[in-house]
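A.B. asks: Here's a sequence, model it:
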Amino acid sequence: MAKENPVTDRANSGGAVPASRADNVVLVHGAYADGSSWSGVIALLQQAGMSVTAVQNPLTSLDDDAAATIRALDLQSGPTVLVGHSWAGTVISQTGGHPRVSALVYVAARAPEAGEDYGALAGTFPSAPASAGLVHSPDGFAQLSEEAFVNDFANGVDPGEAKVLYAVQGRISDTLFASRTTEAAWQTKPCWYAISREDRTTDPDLERFLAKRMNATQIELDSGHLSLVTHPREIADLILEAAGRPVGKR
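C.D. replies: Down below sits the predicted model:
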């Protein structure tokens, strides 16, 4: 059976949630990345008249990443859509209770319950290939090998661009993924979720489970883990929808 258009292939287990008008967006990057991974999305959101801030996470601990995100949220002038990719789903779940956050958008992202052992949850789904390419250094940090980054983390990205992203990848603390949240903002804020059908970093069925659990408005994209790079228009449109802005009108 033919796949539906990725923009209209959407679902919401509890019915569509009306979006509050927001003029601001804060984008939070995941592990093995930095703020530049949002470049294509940023340009489209700015063209649509949004004020955009990209957080630069230290990736040293959940507390450190949450603090960087809170600093960005504190600077916003009004209602703000908070967006997280991959690991940053944990960060926005922890920080999304901020009073300026009007909506949450998850992009192939983690979304733990407060106090949940996310690693144990993920372990109930098939292991994603990218994790096999993790390289640890003696100082307590880790990164993906070039092969794992280009072929698994950035599958579907132009190979030349993937190598550039590999060069600027954020190294993570060995203990980062063991962090547990104390909050789950998705329980109280309206949520949107972009699932990547061809993800080789997070199992797509895990993404579907998380999106359903948070009662998110969902889209599915024929994309690898970096849909924000390969499908910036679809991701920007999802963010604009969460911001109560016109989609497809530039």
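A.B. asks: So which bits of stretch 204-215 are buried?
C.D. replies: 204, 206-208, 210-211, 214-215 (16 or more other Cβ atoms under 10 Å). All C-beta spots, glycine's among them, are computed from the backbone N, C-alpha and C.
A.B. asks: Tell me the gap between the biggest helix by length in the chain and the middle of its chain.
C.D. replies: For the chain, the longest helix by residue count, based on DSSP state H, is helix 62-74. The gap between where helix 62-74 is centred and where its chain is centred comes out at 15 Å by Cα atoms, centre = their mean, to the nearest Å.
A.B. asks: repeat for stretch 79-99
C.D. replies: Counting by Cα atoms, centre = their mean, stretch 79-99 comes out at 9 Å from the chain centroid.
A.B. asks: Then stretch 154-173?
C.D. replies: Averaging C-alpha positions (Cα atoms, centre = their mean) puts stretch 154-173 16 Å from its chain's average.
A.B. asks: For whatever helix or strand comes next after the longest helix of the chain, which strands pair with it and how are they oriented?
C.D. replies: Sequence-wise, the next helix or strand downstream of helix 62-74 (DSSP states H and E) is strand 80-85. If you go by DSSP bridges, strand 80-85 pairs up with strand 24-28 (parallel), strand 101-107 (parallel).
A.B. asks: Please settle this for me: is residue 192 part of a helix?
C.D. replies: No. According to DSSP: H, G, I helix; E, B strand; the rest coil, residue 192 belongs to no helix; its state is strand.
A.B. asks: all strands for this protein, in order.
C.D. replies: Secondary structure of the chain by DSSP state E: the strands cover 10-11, 24-28, 51-55, 80-85, 101-107, 134-136, 141-144, 172-173, 191-196, 217-221.
A.B. asks: just the angle between the fourth one and helix 62-74, please?
C.D. replies: With axes from the mean of the first three to the mean of the last three Cα atoms, to 10 degrees as the criterion, the two stretches strand 80-85 and helix 62-74 enclose an angle of 150 degrees.
A.B. asks: what does the last one give?
C.D. replies: Inter-element angle recorded for strand 217-221 and helix 62-74: 110 degrees (by the same axes, to 10 degrees).
A.B. asks: what sits against the residue most central in space within the chain?
C.D. replies: Nearest residue to the geometric centre of the chain (Cα atoms, centre = their mean): residue 85, 1.5 Å. By Cβ atoms under 8 Å, 6 or more residues apart in numbering, residue 85 lies in contact with 27-30, 33, 37-38, 107-109, 228.
A.B. asks: And residue 46, by the same measure?
C.D. replies: Residue 46 touches residue 52, counting by Cβ under 8 Å, 6+ apart.
A.B. asks: Poorly predicted segments of the protein, please.
C.D. replies: Within the chain, the ranges that satisfy pLDDT under 70 run 1-18, 248-250.
A.B. asks: rewinding a little: against which helices or strands is the longest helix of the chain packed?
C.D. replies: For helix 62-74, the elements it packs on are strand 24-28, strand 51-55, strand 80-85, helix 88-95, judged by 3 or more Cβ pairs under 8 Å, 6 or more residues apart in numbering; DSSP states H and E.
A.B. asks: Mind listing residues that contact the first one?
C.D. replies: Outside of strand 24-28, the residues within contact range by Cβ under 8 Å, 6+ apart are 35, 38, 41-42, 45, 50-55, 57, 65, 69, 72-73, 76-85, 88, 91-92, 100, 239, 243.
A.B. asks: What subset of those is buried?
C.D. replies: Here, 16+ other Cβ under 10 Å leaves 35, 38, 41-42, 45, 50, 52-55, 57, 65, 69, 72-73, 76, 79-85, 88, 91-92, 100, 239, 243 buried among the contacts of strand 24-28.
A.B. asks: Quick check: the gap between residue 239 and residue 85.
C.D. replies: Separation of residue 239 from residue 85 (Cβ to Cβ, to the nearest Å): 12 Å.
A.B. asks: Ok, residue 54 next?
C.D. replies: 11 Å.
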